[in-house]
Each structure stands twice: as C-alpha cells, then as structure tokens.
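**Q** Sequence and predicted structure below; questions after.
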Amino acid sequence: MEKQPRLLASQLFLKNSVFEVLLNGVLLTWKEIPDNKKVVSGSIHHPFKVGTSHSVSVSEILAVRELDVDGGTKDGRWQKMPQKLTEAYPYAFTVSYVERARQHRWRCSDVTFHCSEGALCQQWIQTIREQLTALTNRPKHLLVYINPYGGKQQGKCIYEQKVAPLFACASISTDVIVTENANHARDHLKTEAELKKYDGVVCVGGDGMFSEIVHGLVSRTQRDNGVDQNSLEEKLVPCTLRIGIIPAGSTDCICYATVGINDPVTSALHVIVGDSQPMDVCSVHHNNTFLRYSVSLLGYGFYGDVLADSERKRWMGPARYDFSGFKTFLTHHHYEGAVSFLPATDTLGTPRDKTRCRAGCFICQHDGQLYSGDSPEESKTAPDVSDREYEMGWGVVRGKFLAINAASMSCACPRSPKGLSPAAHLADGTTDLILVRKCSRFNFLRHLLRHTSKDDQFDMTFVEVHRVRRFRFTPRHCQNDSELDLRENGKQLFSQICRDHPACSCSPAYSSWNCDGEILPHAAIEVGVHCQLIKLFARGIEEQPLFEDLANPPCAL
Ligand SMILES: Nc1ncnc2c1ncn2[C@@H]1O[C@H](COP(=O)(O)OP(=O)(O)OP(=O)(O)O)[C@@H](O)[C@H]1O
Ligand SMILES: CCCCCCCCCCCCC/C=C/[C@@H](O)[C@H](CO)NC(=O)CCCCC
Ligand SMILES: [Ca+2]
C-alpha cells in the first residue's frame, strides 16, 4: 500500500512573529497568525496583524538543515539570530527552496523557523527530509563535464562558485571532469564512462559542449542496443540519462529555449528538482552514412557561412558571431540546389500558428500527433504544399537560396528571443524547414531584423516554411562521392562554375552546413527527426505572470 505523506502543523517563530506552519506532502505553507490565537509560549509581543500566506511546493524544496543554537547551521553556514530569540527559541531549522525572479530566473531562498522544543524541531526536519526522499525523479549522483574554453572561458569559475555549492546543499554528489580537448567529453561518454553509476550528465559550456554530450550518449545507447546509426530507417533507442546544461557558451540556444534564460543558477536548480524535458534529435546522413546529430539549427547558406567565418575568429569570443554575421550579410551569397521534404501532415501545430512550446506543452505531450480531443481548429491544418511537385508524399523546391534552415526547436537565444522558428516544438518529432530564396540585400535585412521584433519573419514573398519529418538537400553542382574532392579544390571549381554559369553573380557553388555550431563536410545531406530521443533537466519555458509581461513589453523593431 502506498505510504501517505505525514501531515504536520505547528505554530513556529519566524522574523519576530508567530506563524502557522503546515506541511501536507504537497505544500509547505506558513501564515502569520494574530496575537489572540497564539498558543506558543514566550512569544515576543507585537501589534495585532494578519500577514500574508506563503506557500512552497515540496517538489521545489531544495534542502532542510538544522540551525545551531549559537547562530550557525549544523553544516557550518553562519546565521545571525537576535539574543532574545535564541533564548526563547533555542531550536531552529532552515528550508531552502526555489523562488521565481524576473524573466524565468530561479533563485535559492532560505526561510528559518524557530521552535521552543528540540523534539518538535527534529520532527519537522525529519518529515521534510522524508518527503524530499520520496521525490524519486531527483538526481543523487551526477557526471559533470566542464569546458574551460567555452564562451568567455568562465566555465570552471561558474561551476565552482555558482553551481557546486547548490549541488552540495541538495546532497547531490558529483564526479567532475574538466575537458582537456575538443571531443574529450563525447569520447569519454561513448566508451569509458560507467553510466550505471549516474542519474544524469551535466555539461558546463555552450551549444557545442551540449552537442558533444548528445553525441556521446546517443551513440553509446545505440551501440549498447545494437542499433545501426547509419540507416535512416532504423528507430533509434532513446537515452535514459537526462542531460543538464549549465550555460557558459556564446549562444546557449538550447538552454535558452528549454529554460527561458541562460542563467547558471536557474539551470542548476532545474537539475536539483529533477525536471524532465524530452527533446527531438535530427540525424544527418550523406550517402546512407551517418554524419552528425542536430537538436537546434541545421543551416546552409547564411548560417553556414557565418559559422565558417566565425570559426577562424574564436579568439573574439561571443562577438565573433556579430562580426561574421555582418560580413556574411554584406557578401550576400546565394546557393543553388533542390530541397525535398516529407511534410508532417498529421501533426497538431503549423510553423505559422500562434502556439508556443511552453512548459507542459499540449502538442509535445502527444508527440506532435493529431489528437481526437478538443484542440484549436487553426492548428489542425496541414502545411500548404498543395501546389508543389509531389512524389510519394514528398515536396520538392528547386532554386537559388540565401539560406536553408531546419529548426527542430525555436532556437530562441539572447540575439533573437523568439528564435528562428517561434512556433517550433521541442518534442513533437518535426523540424521547421525555412527556405529563404535569393532576394535583394534590403529584403534579406528586413527578414533578419524580424527575428528580433514581433513581426512575422515568414510573411515575405521570398520565404517559405514547412513542418517536416525528413528532408534532403542536393546542391546543383553535386557529383555525389566526388563532391568532397571538388570542395577541397574549391578555387578551381569556383572559377569553372563562373565560366559555365555566368548568371551566378560569382557566388561560390557550395556553402557549408552549420549543424548546431559545427561545420559538416558535405553539402548533400539527408535528415530525419527522431521524436523525443533525449531528455533534459528542464521543463520548457514557464508562462510569465501577466503583470511581468505588461511591465516588459517585447521590443518592436
Ligand atoms: N578542453 C577543450 N579544449 C578545446 N575545445 C574544447 C574543450 N572542451 C570542449 N571543447 C570544444 O569547444 C567547442 C565550443 O564549446 P562551447 O559550446 O562550450 O562554447 P561556445 O562555442 O563558445 O558556445 P556556443 O556553442 O554556445 O556558441 C565545442 O565544440 C567543444 O567540442
Ligand atoms: C542585422 C541584424 C540581424 C539580426 C539577426 C538575428 C538572427 C539571430 C538568429 C539566431 C539563431 C541562432 C541559432 C542557433 C544556432 C546554434 O546552434 C549555433 C551553436 O551555438 N550558433 C550559431 O551558429 C551562431 C549563429 C549566430 C548567428 C548570428
Ligand atoms: Ca521539434
């Protein structure tokens, strides 16, 4: 039989007042009580007033600890107590819990309750601990990888100063590895790490570091289960360990789009409370050979060129993207090819509806599948591809493109708080394929600027967007296996093509694919989405209280 949580109710002392404190297995509530109702002895007199009530969900309590009579906690933390209070209430305990601050930030708050009897104090501590132990989704032992060179090179310092003390407070033990080179974390996870020992893997770094963890964990899981990653037809086995991201990178788009902010303390608290957010993963293939996984952006043309240029400027830190972004915008290269895609006709949402993927997302809870229950009528319509060329349900678009982007999630980040595809879902088994055809520099600038305002970046004649389960890209001059050799002889090819094709305005024949911030070696790729292949220590972006939205209207450009 399931054990009922113990109910506890006492009058305890807090900040010069007596409070009715209640613990019921779900909530810890404390409410100031009027003088005439007080039954505790030795209360300090104060004017009659009824204070407001405070509630904390037990699932958001981080820890409880005993406070020493002489003013320190038993774990060595020092707290100042007025002498009068220590005499009348020599026993006390402190509860640390999650408090929500502005713009999706979470903070750790403490409340200290004082008791006149030691037995009562112990009963409170023990009961809260029992209820925390009953929360089986919380991690106890974590494997942590720190990239000391990500972002502004603050990873180690961020972990030691902001995260490790919180993990210790929540009694989470850790094995910490500071990476010594690129792919250290990926290879350790793939081959060596004793995964059975852990309840999750945490990375301290940016999107590139997260990508290493995804590659390590997904590859290891497929190998352990005898699944061939090369075949797009294979159903990949989901990873059981959850991944936590402590943001310390340049873009931090995975963290931003799953938590709502790139803040290390907020992310650490989501790990501690044991949140779980499933996420789609795309696998990228060339000639039936697996190349890489992607969880955020697969971008050819503009974002590929930005990345290729920015990689040579790593020394600039996060500012390299602004520099290379500006430079790439000025070069205004376009690329010719064919994009074939399998539209996700049976899904609930569309890339241009007003729904947003938020904590507890209805669409992701149903794996993006159509659901017989009530749902908004507008979101039931399939993408408008009826005028496209069809072959076994596949659509084909040929032409000259400034950018071909596939966003498996919104890709919201500090540069673009609504992201590349604002209505994309974290866990619906689809990716939003955005095709930006060749247009004037001015129009492309308008399109880019709309990523930073409320205006719809898809509402432009040269942009189309499709929600898809699979897609392929074939560059115009692609020669299959010899493509790579041709790319290596880039200069020769470039002049050859310009001679063969004078209308090309001297754009190079090929761009590169930006795969979550890594450059892919092939231009011709095939991509499939694997629904909910991984899980993060996150819950999706929580809806903001209305007053906060009104106080901070989004900036309009
Ligand atoms: N010890 C190391 N030395 C050099 N490179 C490393 C090391 N550890 C990890 N890396 C690599 O550094 C690259 C960038 O790291 P990370 O993602 O943390 O930061 P970033 O690139 O600044 O941020 P973002 O990916 O958000 O733009 C990753 O691709 C990772 O493989
Ligand atoms: C002229 C003003 C124009 C303003 C336009 C802003 C548009 C911003 C959209 C941002 C999309 C970010 C997508 C995230 C991609 C990540 O997987 C990847 C790895 O971190 N980051 C980049 O490639 C870094 C890519 C950085 C691009 C600028
Ligand atoms: Ca998705």
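**A** Yep, that arrived. Ligands and ions are numbered 1, 2, ... in the order given.

**Q** what sits against Cys108?
**A** Leu62, Ser96, Tyr97, Val98, Glu99, Leu166, Cys169, Val265, Leu269 (C-beta atoms under 8 Å, 6 or more residues apart in numbering). All C-beta atoms are positioned from the backbone trio N, CA, C, and that covers glycine.

**Q** Just the ones of those residues in helices?
**A** Leu166, Cys169, Val265, Leu269 (DSSP state H).

**Q** quick one on the thing from earlier: quick check on the contacts of Cys108: which are buried?
**A** Leu62, Ser96, Tyr97, Val98, Leu166, Cys169, Val265, Leu269 (16 or more other C-beta atoms under 10 Å).

**Q** out of the contacts of Cys108, who's nearest ligand 3?
**A** Ligand 3 has its nearest neighbour among those in Leu269, at 25.3 Å by C-beta to the ion.

**Q** May I ask which two of the buried ones among the contacts of Cys108 are separated the most?
**A** Tyr97 and Val265 (13.6 Å; C-beta to C-beta).

**Q** related to what we said a few turns ago, let me know the closest of the contacts of Cys108 to ligand 2.
**A** Nearest to ligand 2 out of the contacts of Cys108 is Val265 (C-beta to the nearest ligand atom; 21.2 Å).

**Q** got the residues of the stretch 51-200 of the chain near ligand 1?
**A** Neighbours of ligand 1 within the stretch 51-200 of the chain, by C-beta under 6 Å from any ligand atom: Asn147, Pro148, Tyr149, Gly150, Gly151, Thr179, Glu180, Asn181, Ala182, Asn183, His184.

**Q** How about the contacts made by the first one?
**A** By C-beta under 8 Å, 6+ apart, the residues touching Asn147 are Gly155, Thr179, Ala185, Cys203, Val204, Gly205, Gly206, Gly208, Met209, Ala248, Gly249.

**Q** Any chance of the backbone angles for the first one?
**A** Comment: the main-chain dihedrals of Gly155 come out as phi -50, psi -50, following degrees, to the nearest 10.

**Q** wait, isn't it in contact with Cys203?
**A** No - counting by C-beta atoms under 8 Å, Cys203 is not a contact partner of Gly155; they are 9.2 Å apart.

**Q** These two: who's more crowded?
**A** Taking neighbours as other C-beta atoms under 10 Å, Gly155 and Cys203 compare with Cys203 leading, 30 against 27.

**Q** before we move on, back to that, of the buried ones among the contacts of Cys108, which one scores lowest on pLDDT?
**A** Ranked by pLDDT, those bottom out at Cys169, which has 95.

**Q** can you pull the contacts of that one?
**A** Taking C-beta under 8 Å, 6+ apart as the test, what Cys169 contacts is Leu62, Ala63, Ser96, Cys108.

**Q** Which ones among the contacts of Asn147 map onto strands?
**A** Within the contacts of Asn147, residues falling in strands by DSSP state E are Cys203, Val204, Gly205.

**Q** which of these lies closest to ligand 2?
**A** Out of these, the member with the shortest distance to ligand 2 (by C-beta to the nearest ligand atom) is Gly205, at 10.4 Å.

**Q** Next, count neighbours for the closest one.
**A** Neighbour tally, Gly205, other C-beta under 10 Å: 29.

**Q** re earlier: return the closest of the ones in helices among the contacts of Cys108 with respect to Glu233.
**A** Leu269 (40.5 Å).

**Q** Can you list the low-confidence ranges for the stretch 51-200 of the chain?
**A** By pLDDT under 70, the weakly predicted segments of the stretch 51-200 of the chain are 51, 69-86.

**Q** Please enumerate the helices of it.
**A** 83-88, 118-133, 155-158, 164-169, 184-187 (DSSP state H, counting those that start in this stretch).

**Q** how about the closest residue to ligand 3 within the stretch 251-400 of the chain, phi and psi?
**A** At 4.1 Å from ligand 3, Asp280 is the closest residue in the stretch 251-400 of the chain, using C-beta to the ion. Main-chain torsions, Asp280, degrees, to the nearest 10: phi -70, psi 150.

**Q** So in terms of bridging, what pairs with Phe113?
**A** When bridges are called by DSSP bridges, Phe113 pairs up with Phe93.

**Q** I figured it hits Val95, correct?
**A** Yes - counting by C-beta under 8 Å, Phe113 does reach Val95; the two are 7.4 Å apart.

**Q** C-terminal to the worst-scoring helix or strand of the chain on mean pLDDT, what's the next element?
**A** Ranked by mean pLDDT, DSSP states H and E, the weakest helix or strand in the chain is helix 490-500, scoring a mean of 41. Per DSSP states H and E, the first helix or strand lying C-terminal to helix 490-500 is strand 513-515.

**Q** So that next one, near ligand 2 or not?
**A** Yes - contact of strand 513-515 with ligand 2 is found when judged by C-beta under 6 Å from any ligand atom, involving Asn514.

**Q** mean confidence for that strand?
**A** pLDDT averaged over strand 513-515 gives 98.

**Q** picking up where we left off before, the residue of the stretch 251-400 of the chain closest to ligand 3: what's it in contact with?
**A** 295, 408-409, 425-431, 529-533.

**Q** which helices and strands sit right next to the strand or helix carrying Arg446?
**A** Using DSSP H and E, the element containing Arg446 is helix 441-449. Packing partners of helix 441-449 (3 or more C-beta pairs under 8 Å, 6 or more residues apart in numbering; DSSP states H and E): helix 320-331.

**Q** quick one: the helix it packs on to helix 441-449, angle?
**A** If you take axes from the mean of the first three to the mean of the last three C-alpha atoms, to 10 degrees, helix 320-331 sits at 150 degrees to helix 441-449.

**Q** after helix 320-331 comes which helix or strand?
**A** strand 335-343.

**Q** And what about Ile246, helix, strand or coil?
**A** Three-state call for Ile246 (DSSP: H, G, I helix; E, B strand; the rest coil): strand.

**Q** roughly how far apart are the closest residue to it other than its chain neighbours and Leu291?
**A** Closest residue to Ile246 apart from its sequence neighbours, by C-beta to C-beta, 6 or more residues apart in numbering: Val204 at 4.3 Å. Separation of Val204 from Leu291 (C-beta to C-beta, to the nearest Å) stands at 26 Å.

**Q** So Leu67 is in contact with Thr94, correct?
**A** Yes - if you go by C-beta under 8 Å, Leu67 and Thr94 touch, sitting 5.6 Å apart.

**Q** For the stretch 401-550 of the chain, which residue gets nearest to ligand 1?
**A** For the stretch 401-550 of the chain, C-beta to the nearest ligand atom, closest residue to ligand 1: Gly517, 4.5 Å.

**Q** wait, the stretch 51-200 of the chain
**A** Counting by C-beta to the nearest ligand atom, the stretch 51-200 of the chain gets nearest ligand 1 through Gly150, at 2.5 Å.

**Q** That residue contacts Ser250, correct?
**A** Yes - at 7.4 Å, Gly150 counts as touching Ser250 under the criterion of C-beta under 8 Å.

**Q** Tell me the one among the buried ones among the contacts of Cys108 nearest to Arg441.
**A** Taking these together and measuring to Arg441 by C-beta to C-beta, the closest member is Val265, at 41.7 Å.

**Q** roughly how far apart are the closest one and Leu166?
**A** From Val265 to Leu166 the distance is 7 Å (C-beta to C-beta).

**Q** quick revisit: can you tell me which of the ones in helices among the contacts of Cys108 is closest to Val18?
**A** Cys169 (27.6 Å).

**Q** Next one: that closest one relative to Gln131, how far apart?
**A** Cys169 is 17 Å from Gln131, by C-beta to C-beta.

**Q** Stretch 140-159 and ligand 2, are they touching?
**A** No - against ligand 2, stretch 140-159 shows no contacts by C-beta under 6 Å from any ligand atom, the least distance being 10.0 Å.

**Q** The residue of the chain at minimum distance from ligand 2: neighbour count?
**A** Going by C-beta to the nearest ligand atom, ligand 2 is nearest to Gly517 of the chain, at 2.7 Å. Here the number of neighbours of Gly517 (other C-beta under 10 Å) works out to 24.
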